[in-house]
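Student: I would like to see how this sequence folds:
(one chain, ligands or ions: 2)
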Amino acid sequence: MRILVTGGAGFIGSALVRRLIQHTDHQVLVFDKLTYAGVLSSLELAAASNRYSFVQADICDAEAVSKALSDFQPQVIAHLAAESHVDRSIDGPGAFVQTNLVGTFVMLNQALGYWRGLSDADKAAFRFHHISTDEVFGSLGEEGFFTETTPYDPRSPYSASKAGSDHLVRAWGHTYGLPVLVTNCSNNYGPYHFPEKLIPLIIIRALNGEPLPVYGDGSNVRDWLFVEDHAAALQAVFEKGAPGQTYNVGGNAERRNIDVVRTICAILDRHRPHTDGRSYAEQIAFVTDRPGHDQRYAIDASKIRAELGWTPSVTFEQGIEATVVWFLENEAWWRDILDQRYATERLGHG
Ligand code: NAD
Ligand code: DAU
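Tutor: Ligands and ions are numbered 1, 2, ... in the order given. All right, here's what the predicted structure looks like:
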């Protein structure tokens with residue numbers, strides 16, 4: 001298949017592209033603007049392949065999208081390009097409205113024009129797969145899980161822009177017959193994770209001897225999924241999912257933030273012990289909470305398991321150990337980002 005991946009230079013997009021190049025025969029075109037979050041070195045393993053190509057462009061640029069579609073003739077569009085960081089959406093929501101809403105509209109409209117020009121067989125095989133988040137469902141109390149039918153209740157500028165983009169995608173499916181798929185996934189973590197997010201930020205700041213900022217009292221819960229398992233889920237959905245369907249994707253690994261941070265510290269204590277016997281946990285610092293901070297997310301992933309046979313391949317304990325080790329072994333990758341783009345300072349004060 002020919003698969004156009006928007007946002008392929010980002011954290012999850014690059015994991016998907018590496019997987020497709022390393023484990024399938026598919027052709028991949030990455031379409032990415034290379035914002036602060038687009039990191040070409042995350043694609044080095046894929047870029048050596050003659051099944052890989054790259055276009056640097058904005059999804060809001062209709063002409064560039066149209067040209068990429070007619071040149072590459074994709075059977076699948078995996079649409080991951082987005083502004084993805086909640087804290088940045090609090091500081092500057094405009095870019096989230098522009099890329100996540102307007103950009104998704106442009107992608108849909110150009111995809112529709114392209115799809116209408118295909119043969120009937122190619123039309124039937126085409127998929128527009130929109131990659132979204134569990135944050136569109138709002139915040140849970142102590143009980144319960146998000147299912148595919150949970151009503152939308154987005155509460156941050158980021159999640160509101162993603163919710164709007166999900167609605168646009170379903171509208172293009174319902175009104176124009178475009179064969180769309182939507183996945184709503186929980187928090188990812190793993191190799192090549194941009195240092196603004198909790199897990200890489202804690203690993204890096206711990207290694208740099210800096211305070212480890214835990215928002216509020218650290219009791220907020222996230223459902224963690226290893227990024228390579230998310231990439232496997234995405235492949236299962238665009239290869240086998242039924243058009244018009246939504247699939248929730250999650251790791252069945254709920255953890256309080258404070259427990260995630262303590263786990264990272266314990267792993268570092270084993271792999272990179274302080275010479276004076278101190279624990280990295282002594283660097284933990286509780287700081288002012290994120291404005292509007294959602295309390296708990298948890299995904300019921302039984303639909304994708306039952307219908308497509310996908311389950312996570314690693315536990316949180318296996319995945320977080322592998323992730324910490326990856327950051328220890330790939331310091332050049334993240335040092336470069338710290339030097340040139342983002343040095344782990346606090347974002348999202350409101
Ligand atoms: P990321 O921020 O790491 O990467 C985003 C990528 O999109 C970057 O390569 C960036 O250059 C590109 N991009 C941004 N604006 C663009 C534009 N206007 N035109 C073209 N390219 C543009 O994001 P991520 O964490 O890899 O998330 C990917 C997708 O998955 C997003 O849609 C996000 O909402 C969704 N998602 C993320 C998570 C998570 O835990 N990270 C969980 C569920 C869903
Ligand atoms: O649930 C899926 C979402 O997960 C994705 O849609 C988003 O793109 C992704 O960024 C992520 O959103 P979160 O806001 O949950 O992730 P973040 O890593 O920013 O924060 C995780 C939790 O840790 C959250 O409760 C806030 C807290 N936190 C975060 C940072 C950066 C801290 O306590 N300290 C920090 O320094």
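
Student: what mean pLDDT would you report for stretch 305-312?
Tutor: Average pLDDT, stretch 305-312: 98.

Student: Tell me how far that stretch lies from the chain's centre.
Tutor: 19 Å (CA atoms, centre = their mean, to the nearest Å).

Student: which parts of that stretch are buried?
Tutor: Neighbour-count burial for stretch 305-312, counted by 16 or more other CB atoms under 10 Å, picks out 305, 308, 310, 312. The C-beta positions use only the backbone N, C-alpha and C, and glycine is treated the same way.

Student: got the contact list for it?
Tutor: The contact list for stretch 305-312, computed with CB atoms under 8 Å, 6 or more residues apart in numbering, reads 225-226, 229, 232-233, 236-237, 240-242, 247, 249, 251-253, 301, 304.

Student: hmm, back to that, could you dump the buried residues of stretch 305-312 to JSON lines with secondary structure and distance to ligand 1?
Tutor: Shown next, in JSON lines, are the buried residues of stretch 305-312 (DSSP: H, G, I helix; E, B strand; the rest coil; distance: CB to the nearest ligand atom, whole Å):
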{"residue": "305", "secondary structure": "helix", "distance to ligand 1": "18"}
{"residue": "308", "secondary structure": "helix", "distance to ligand 1": "17"}
{"residue": "310", "secondary structure": "coil", "distance to ligand 1": "15"}
{"residue": "312", "secondary structure": "coil", "distance to ligand 1": "14"}
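
Student: show me what contacts the closest residue to residue 300 other than its chain neighbours?
Tutor: Nearest residue to residue 300 in three dimensions, chain neighbours excluded: residue 145, at 3.8 Å (CB to CB, 6 or more residues apart in numbering). By CB under 8 Å, 6+ apart, residue 145 lies in contact with 298-300.

Student: Which strands or helices does the helix or strand where residue 336 lies pack on?
Tutor: Residue 336 belongs to helix 331-340 when assigned by DSSP states H and E. When contacts are defined as 3 or more CB pairs under 8 Å, 6 or more residues apart in numbering; DSSP states H and E, helix 331-340 sits against helix 198-207.

Student: The helix it packs on vs ligand 2: in contact?
Tutor: Yes: contact of helix 198-207 with ligand 2 (CB under 6 Å from any ligand atom) involves 198, 201.

Student: Packing partners of that helix?
Tutor: Judged by 3+ CB pairs under 8 Å, 6+ apart, the packing partners of helix 198-207 are strand 212-215, helix 257-271, helix 316-329, helix 331-340.

Student: buried ones in whatever helix or strand comes next after the second one?
Tutor: In the C-terminal direction, the helix or strand that comes right after helix 257-271 (DSSP H and E) is strand 284-287. Taking 16+ other CB under 10 Å as the basis for neighbour counts, the residues of strand 284-287 that come out buried are residue 284.

Student: and strand 284-287, what's its mean pLDDT?
Tutor: Here strand 284-287 scores 98 as its mean pLDDT.

Student: what does the helix or strand of the chain with the lowest mean pLDDT rub up against?
Tutor: Lowest mean confidence among the helices and strands of the chain (mean pLDDT, DSSP states H and E): helix 44-47, at a mean of 95. The contact list for helix 44-47, computed with CB under 8 Å, 6+ apart, reads 14, 17-18, 20-22, 28, 40, 52, 54.

Student: any idea which helix or strand comes after it?
Tutor: Defined by DSSP H and E, the subsequent element after helix 44-47 is strand 52-56.

Student: now check that following strand, is it near ligand 1?
Tutor: No: judged by CB under 6 Å from any ligand atom, strand 52-56 stays clear of ligand 1, getting no closer than 8.5 Å.

Student: Run through this structure and note the low-pLDDT ranges.
Tutor: Under the criterion pLDDT under 70, the flagged ranges of the chain are 350.

Student: So which residues on it come close to ligand 2?
Tutor: Going by CB under 6 Å from any ligand atom, the residues of the chain near ligand 2 are 84-87, 133-135, 186-187, 197-198, 201, 213-215, 220, 222, 257, 290, 297.
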